[in-house]
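Task: produce atomic coordinates for the following.
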Amino acid sequence: MKYLLLLFLALPGLGFSQKSQKPNILFILSDDHTAQAWGIYGGILQDYVKNDNIRWLADHGVVLENAFCTNSICVPSRAAILTGQYSHRNGVYDLDDALEPDSANFAKLLQEAGYQTAIIGKWHLKKEPTGFDYYLVLPGQGRYWNPILKTRDNWQDGNAGGTEYQGFSADVIADQSIAWLKNRNKDRPFYLSMHFKATHEPYDYPARHQEFLADVELPYPGNFADWGPAPSGRTHDGWPLEILGKRYEAQTGKGYPGNSFSLQGLDSLAARKKTYQKFVKDFLRSGAAIDDNIGRLIAHLRESGELDNTVIIYTADQGYFLGEHGFFDKRFIYEQSLRMPFVISYPRELKAGKRIDDLILNIDFPALFLDFAGVKQPASMQGRSFRENLQGKTPRDWRKDLYYRYWANEPNRPAHFGIRTDRYKLAFFYGQSRTKTERDKMKYPPGWEFYDLRKDPHEDHNAIRDPQYQALIDSMKKRLQTLKQESGDVETNPTIRQLIEQNQ
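Now for the predicted structure:
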């Protein structure tokens, strides 16, 4: 009996030995795959989405209702996830910036703790990845078909270097991820980042999903027919679907999926509707390919016996507009852009089917990874582990509000910063480039926006001048400045500083 007990405890997946194992971590990240397209957050598209495997993760794990990015654009969000720092701390403000290889990141700490680390798919941070024992990444944005992937053996900066892999990018990235999992050292826990290009514009998809939703007219958001800032009292025009419609007319069949697209002879509403139908159907088809390949990874982990000891996370680098306010793209502090859908499964620890309302930021993600690995979080990281939150044990001092800043600037998508609580949102759209000392030429003057998300969940009314909110707005402006300072965001540009002071 003594020897049988020792044998039982030594067997993988049995007895008490499993509890002492460090968990594997599979972090799956997509590009722009917004919450409206997941089907687990409700909304008008929930009955049209292919989400078998995303739903499986939700049913067997925990869904975050309020996860948010700190800068809603691809490169800065990815840098924030890797470093646990706001843009003004890690130096990655916008799409043109790169993450320096000597930057501190959580992958390096996992390496030191004995983890095998790998990243496969979209990197997008320009310079060579560090902290990963193995990497196989797209150059820049990469391409959907027959993607080129670069590894240490053929790395060159920029878009040079790499090897072409045949097939659709999401399938190829999953193929290579499974191959790495099969060939890795099984004596050590793993951390794997699997990053899809999908669902980034031009929202391409494999042939198997070509007929998906073909004969369906998708429903429209309630504020779909917004034209310009007047209906809501916004401080800018935003990024309307008409821009995408022009791209479709010029480039369908030349980079965008499909054969031909024309808006000739249509009035403005009909043209917007036709653009929307193509756009959202293509987006959901692209998302279906992600769901397929999430399922393949789950199946592999089940077959290898590693599923119960693997933390599986699926999220997107930010949200995306799917016709709300008549918009597409991201960048704004509005809910569709700010929100990061997030689901996590870890059968050994997390109760299945739970949903958490706490405010979580992307700078918190690396602290969570390190917590699972038993690694102390360095002081340089500005986030906080939410492992206790996932267990339903939210710390009493957990954040009640969050700070956001979008640094890039152009007339229709102005630079802005703001604060969001569980109910209210306040933002200042100052519309000034970070590096210029002369005022940018902007269509609209700097201005504030305020939304009561309980009464106005779709942000249809800028209530900045409503008398009932004035005392609250004054209080939130003060709190916003405190959050800004606490994050280390100090204004060094005198023009921006002056704009803020003039509009307090």
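
If we ignore the residues flanking it in sequence, what's nearest Ile173?
Gly121 (4.2 Å; C-beta to C-beta, 6 or more residues apart in numbering). (Each C-beta comes from the backbone N, C-alpha and C, glycine too.)

For Gly91, the count of nearby residues, please.
Using other C-beta atoms under 10 Å, Gly91 is surrounded by 15 other residues.

With Ile344 instead?
The burial count for Ile344: 25, using other C-beta under 10 Å.

Name the next helix or strand following the worst-scoring helix or strand of the chain on mean pLDDT along the chain.
When the helices and strands of the chain are scored by mean pLDDT, DSSP states H and E, helix 2-10 comes last with a mean of 46. Downstream of helix 2-10, the first helix or strand assigned by DSSP states H and E is strand 24-30.

Following the chain past that next one, name the next helix or strand.
Using DSSP H and E, the helix or strand that follows strand 24-30 in sequence is helix 52-59.

Kindly format the C-alpha coordinates of that following helix as PDB.
The C-alpha trace of helix 52-59 is given here as PDB (Å, rounded to 0.1, in the frame of the first residue of the first chain):
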ATOM      1  CA  ASP A  52     -18.600  27.600 -30.100                       C
ATOM      2  CA  ASN A  53     -15.200  27.700 -28.500                       C
ATOM      3  CA  ILE A  54     -15.300  31.200 -27.000                       C
ATOM      4  CA  ARG A  55     -18.500  30.100 -25.400                       C
ATOM      5  CA  TRP A  56     -16.900  26.900 -24.200                       C
ATOM      6  CA  LEU A  57     -14.200  29.000 -22.400                       C
ATOM      7  CA  ALA A  58     -16.900  31.300 -20.900                       C
ATOM      8  CA  ASP A  59     -19.000  28.300 -19.700                       C
END
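
I'd like the distance between the nearest residue to Ser103 once chain neighbours are set aside and Ser304.
Spatial nearest neighbour of Ser103, excluding adjacent residues (C-beta to C-beta, 6+ apart): Thr83 at 6.0 Å. Distance, Thr83 to Ser304, using C-beta to C-beta, to the nearest Å: 31 Å.

Which one's more surrounded, those two?
Thr83 (24 against 13).

and that one, what does it touch?
Going by C-beta atoms under 8 Å, 6 or more residues apart in numbering, Thr83 touches Arg89, Asn90, Leu99, Ser103, Ala104, Asn105, Phe106, Ile363, Pro366, Ser380, Met381.

Try it again at 7 Å.
Contact analysis of Thr83 by C-beta atoms under 7 Å, 6 or more residues apart in numbering lists Asn90, Ser103, Ala104, Asn105.

Chain neighbours aside, what residue packs nearest to Trp180?
Distances taken as C-beta to C-beta, 6+ apart put Ala118 closest to Trp180, at 5.3 Å, once the chain neighbours are dropped.

The one you found falls within a strand, correct?
Yes - Ala118 sits within a strand when classified using DSSP: H, G, I helix; E, B strand; the rest coil.

hang on, it packs against Pro129?
No - applying C-beta atoms under 7 Å, one finds Ala118 not in contact with Pro129, separated by 9.7 Å.

Quickly list what's touching both of those two.
Listed contacts common to Ala118 and Pro129 are Tyr135; contacts here mean C-beta under 7 Å, 6+ apart.

tell me the domain ranges of the chain?
Using automatic domain parsing, the domain parsing of the chain gives 21-206+280-400, 409-502.

Please tabulate those in TSV, including the columns mean pLDDT and distance to Ser268.
Below are those laid out as TSV (pLDDT from 0 to 100; distance: least, C-beta to C-beta, whole Å):
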stretch	mean pLDDT	distance to Ser268
domain 21-206+280-400	97	10
domain 409-502	97	17
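
His236: which of those is closest?
Proximity to His236 (C-beta to C-beta) singles out domain 409-502 among these, at 5.3 Å.

Just the terminal-to-terminal distance for that closest one.
19 Å (C-alpha to C-alpha, to the nearest Å).

Could you do stretch 375-394 as well?
20 Å.

Buried residues in that stretch, which are they?
Buried residues in stretch 375-394, counted by 16 or more other C-beta atoms under 10 Å: Val375, Gln377, Met381, Gln382, Gly383, Arg384, Ser385, Phe386, Arg387, Asn389, Leu390.

where's Asn259 relative to Leu284, distance?
For Asn259 relative to Leu284 (C-beta to C-beta), the value is 19 Å.

typo on my end, it should be Tyr48
From Tyr48 across to Leu284, the span is 6 Å (C-beta to C-beta).

Can you show me the helices along this structure?
In the chain, the helices defined using DSSP state H lie at 2-10, 52-59, 74-83, 87-90, 106-112, 169-183, 241-251, 268-304, 335-338, 365-373, 387-390, 470-486, 494-502.

May I see these arranged in CSV, with distance to Arg439 as well?
Shown next, in CSV, are the helices of the chain (distance: least, C-beta to C-beta, whole Å):
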stretch, distance to Arg439
helix 2-10, 70
helix 52-59, 45
helix 74-83, 24
helix 87-90, 21
helix 106-112, 39
helix 169-183, 42
helix 241-251, 25
helix 268-304, 32
helix 335-338, 25
helix 365-373, 36
helix 387-390, 43
helix 470-486, 21
helix 494-502, 6
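
Between the ones you listed, which one is closest to Trp407.
Across these, closest to Trp407 is helix 87-90 (C-beta to C-beta), at 6.1 Å.

what packs against that closest one?
helix 74-83 (3 or more C-beta pairs under 7 Å, 6 or more residues apart in numbering; DSSP states H and E).

Report the angle between the helix it packs on and helix 365-373.
30 degrees (axes from the mean of the first three to the mean of the last three C-alpha atoms, to 10 degrees).

Give me the angle between helix 74-83 and strand 24-30.
Going by the same axes, to 10 degrees, helix 74-83 makes 170 degrees with strand 24-30.

All good on my end, thank you.
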